[in-house]
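**Q** dropping a prediction and its sequence here:
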Amino acid sequence: MSFLNPVRLVFSGIFQADVSTVNNDVRHYDSESFESSYQEFQQKLPSGATVANGWWNPTGSGAFRLIDCKVVGLGFADGSFVDTPGADAALGMLIGGSTDRTSGKLVDLDPQWQMASAPWGLDVRLTDGKTPAFFGGRYQPNPFRDLWFNRNLNAQSDSAASSTFQSVLENVEWADEAMLSPFLRQLRDATTGDMLSIRLATFGYNGNVKDPRFTLGTVVGTIGPQLDGEPVSFIRGRRFIPANNIPNSWAGITYFSGQIDEPSRTAFLDLSNALQTVDSKGTPNPIGVLTLGILRDASMVENTPVTPDSFLPIARIPYDDPDWLAKTAGVFAAKLTDEQFALSKTNPLALVTVSETNPGSTDLDLGYGIVAIREAQDGLYVCAEPGVHRIDGAGRAESLVYATRYGQPVPGASIAITQMGRIPGQGGGFGVDQPSAPIPDMGVPEAAVTFAVEGGSATGGTITADADGIARLEISTQSPGNPRGYIDGQVYLIDYRIPGQSNTARSTFDYVVLHVRDDFDVPADPTWDDIAPIMTQYGNLYPIMSKHLVDLSSEASCIRYADILQLAFSLPETDPNYMPVTRDLSVYKRKTILAWLDKVLRGETAVKAKAQLAYAAASGGGAPALRTGPSGAAPAKAATATPDQPTAADGKTRFAKNFARVSTPSRS
């Protein structure tokens, strides 16, 4: 059941995503044409034209934090839900990060695929702020899903966007004091192993460098049990899809999932990311009386009126109650009668709205409402995890593809696997005076990626689900041979679907995505010349490091801070201090860097001492201290902004629009 469970914890508050934006333009990876202005904030010229420079947050640290997140509601096994202070000890507690580690990091897969951002090294704890955590675990890195860019009708670009992060907390530890809470006892008993399911919905992001809330946004979250055999990054249940992949229906509702809990005969919907809003707090855009029900006529489509003969109502959704989203994290639950439960097994669920105007209706509203959005055609839903793989050269990976009909497995389902192939023009910038480097194509050579499909190994084909409706997508890769030149490796998009499913059957960015790194020969005795291109590139892309701690383009600076660098490059990839923050460094290049650092630390003391003296003389005594601030260095950044600084954050929005324009024809 995951977080869509009678036993669930609801919290709401603020998130911070202090991402660096220099790497938003793939051309900034070309060190030969890189200019220092690419580390400065974007500017608007007197003519009105924009110079992108390093976009809207070039000095970002990559930090991802949960701030002032409070437990506002608790669901119990008997179906009751409490939000009154004092009803349980867990109410009013804080959901926060680690107290003895740095913050987690929000990481894109690649500048040419910015649609798979994931938190890495994010610790999540329940605490009263006084005693040790009542429970705590680490978020398994899984990227966001169902990203859309017009949720907030009164905002633009990334500030109007919204998405969900679903995953599990791993290695969860429980304090003895947690058992004083009846709810926490139920949560611990309901989950299996040492994991908990978690879903975050993030929206209302502030990309205005002059605003005190710069890099902050609104988050609502739910934590529930994780059960054996469940996917961790999505709900294997009932999938609602807009008819025309706009990406929202005529009523402003986007993709979302539901689930029917058979033991309790309860229908659950996750509306945390589904409904349009009018502000950054999540106040809903009114669309009339909204009702969950079942279509007796399975052929009915979105935007058509219903009657008692064609629609069986279940319950009204109080989405427009004051602060409903913040108080429930968008989870709606309704008990089913015997008739409703039986019909739900064979017919599509739907949301129906009744309003004075019913905008977009195509027929006379008879007073019973119009279909605002419905479950997928024939109840079919196909989804894969992991959705992202980072692979070094010749390697292997596997994703599981789940086929579901009306929430139940589809045994023997046939799944078509297709490489999207060559995709040009992704990950570029905007404005005047753009970088001179060419934008490389994605997805080639296709021969570097093959699958174990029916008939043998091939670059595409068909795989078959087992008795549980799960198909194994076995992936083999070879080094792509540096097709992108100045940037390592290649990005491949893998489409999966039941033959005959339309492009709208899945959210726009639902692919299995591969980042396949190039082969790299590790020198037996590496020198600075061997690692200088790698270090210089990262120094260019992350000025917060090079300007405030260690100049990665300088041999002397890297020698001076060799011990710190060795630690950062030696950490597990899941550690928040792992270097590089992008997680895009191949194991071969990492070994080369570590071998050079080890050589420095083993005893070339004369060289090291000389370099330290030279660095101290050049820098006036040492590296300056790292700037900090209460919201991820926002005050320091605000001070550097020019008066005519553009304020709208539009990194994801710009990428998504360009991807849709270029790739949509090839996916049909």
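**A** Everything's here; your move. Since we're looking at a predicted model, the values are computed, not measured. Numbers count the residues shown, from 1 in each chain.
**Q** can you pull up the bridge partners for the nearest residue to residue 433 once chain neighbours are set aside?
**A** Excluding its sequence neighbours, the residue lying closest to residue 433 (CB to CB, 6 or more residues apart in numbering) is residue 51, at 5.6 Å. No exception for glycine: its C-beta is placed from N, CA and C like everyone else's. Under DSSP bridges, the beta-bridge partners of residue 51 are residue 43, residue 431.
**Q** okay, now residue 51: neighbour count?
**A** 18 (other CB atoms under 10 Å).
**Q** quick check: it touching residue 432?
**A** Yes: counting by CB atoms under 8 Å, residue 51 touches residue 432, with 5.9 Å between them.
**Q** any residues in contact with both of the two?
**A** When CB atoms under 8 Å, 6 or more residues apart in numbering defines a contact, the residues bordering residue 51 and residue 432 alike are residue 45.
**Q** ok, the residue nearest to residue 433 to residue 210 distance?
**A** Going from residue 51 to residue 210 by CB to CB, to the nearest Å gives 18 Å.
**Q** cool, and residue 96?
**A** Applying CB to CB to residue 96 and residue 210 gives a distance of 28 Å.
**Q** of the two, which one has the most company?
**A** Shown here are residue 96 and residue 210; by other CB under 10 Å, residue 96 has more neighbours (22 against 13).
**Q** so the more buried one bridges to which residues?
**A** Counting by DSSP bridges, residue 96 is bridged to residue 125.
**Q** so it makes contact with residue 122?
**A** No: counting by CB under 8 Å, residue 96 sits too far from residue 122 to count as a contact (10.8 Å).
**Q** quick one, helices of this structure?
**A** 182-190, 324-328, 338-344, 528-541, 543-548, 555-560, 562-570, 587-603, 605-619, 634-640, 651-667 (DSSP state H).
**Q** list the buried ones in stretch 24-32?
**A** 24, 25, 26, 27, 28, 29, 30, 31 (16 or more other CB atoms under 10 Å).
**Q** neighbours around residue 415, how many?
**A** By other CB under 10 Å, the residues close to residue 415 number 24.
**Q** one more: residue 499?
**A** Quick note: residue 499 (other CB under 10 Å) scores 9 neighbours.
**Q** ok, it touching residue 417?
**A** No: the pair residue 499 / residue 417 is not scored as a contact, 10.9 Å apart, by CB under 8 Å.
**Q** find residues that contact each of those two.
**A** residue 462.
**Q** any idea how far residue 582 is from residue 110?
**A** 8 Å.
**Q** which of the two has more neighbours?
**A** Neighbours were counted for residue 582 and for residue 110 using other CB under 10 Å; residue 110 has more, 25 against 19.
**Q** which residues sit in contact with that one?
**A** Taking CB under 8 Å, 6+ apart, one finds 427, 487, 491, 515, 584 in contact with residue 110.
**Q** tell me, how many residues neighbour the last one?
**A** This points to residue 584. 21.
**Q** show the pLDDT at it.
**A** Here, the pLDDT recorded for residue 584 equals 91.
**Q** end to end, how far does stretch 187-198 reach?
**A** 12 Å (CA to CA, to the nearest Å).
**Q** so how far is stretch 219-239 off the chain centroid?
**A** Computed by CA atoms, centre = their mean, to the nearest Å, the chain-centroid distance of stretch 219-239 equals 15 Å.
**Q** next, the distance between the ends of that stretch.
**A** 23 Å.
**Q** okay, and for the stretch 301-450 of the chain, where does confidence drop off?
**A** Residues of the stretch 301-450 of the chain meeting the criterion pLDDT under 70: 356-366.
**Q** count of neighbours near residue 173?
**A** Residues within reach of residue 173, counting by other CB under 10 Å, total 13.
**Q** now it, nearest residue through space, not along the chain?
**A** residue 136 (5.9 Å).
**Q** need the contact list for that neighbour.
**A** Contacts of residue 136 (CB under 8 Å, 6+ apart): 98, 123, 124, 125, 126, 169, 172, 173.
**Q** switch the cut-off to 10 Å
**A** 95-99, 123-127, 169, 171-175, 196 (CB atoms under 10 Å, 6 or more residues apart in numbering).
**Q** just the buried members of those residues?
**A** Judged by 16+ other CB under 10 Å, buried ones among those: 95-98, 123-127, 169, 172, 174-175, 196.
**Q** quick one: least confident of these?
**A** Out of the buried ones among the contacts of residue 136, that is residue 98, at 76.
**Q** for it, give me phi and psi.
**A** phi -70, psi 150 (degrees, to the nearest 10).
**Q** doesn't residue 132 make contact with it?
**A** No: using CB atoms under 10 Å as the test, residue 98 is too far from residue 132 to be in contact (11.8 Å).
**Q** tell me where the stretch 101-250 of the chain has strands.
**A** 104-107, 118-120, 123-127, 135-139, 145-148, 162-174, 196-203, 216-225, 238-241 (DSSP state E, counting those that start in this stretch).
**Q** which neighbours do residue 98 and residue 132 share?
**A** Shared contacts of residue 98 and residue 132, counting by CB under 10 Å, 6+ apart, come down to residue 125.
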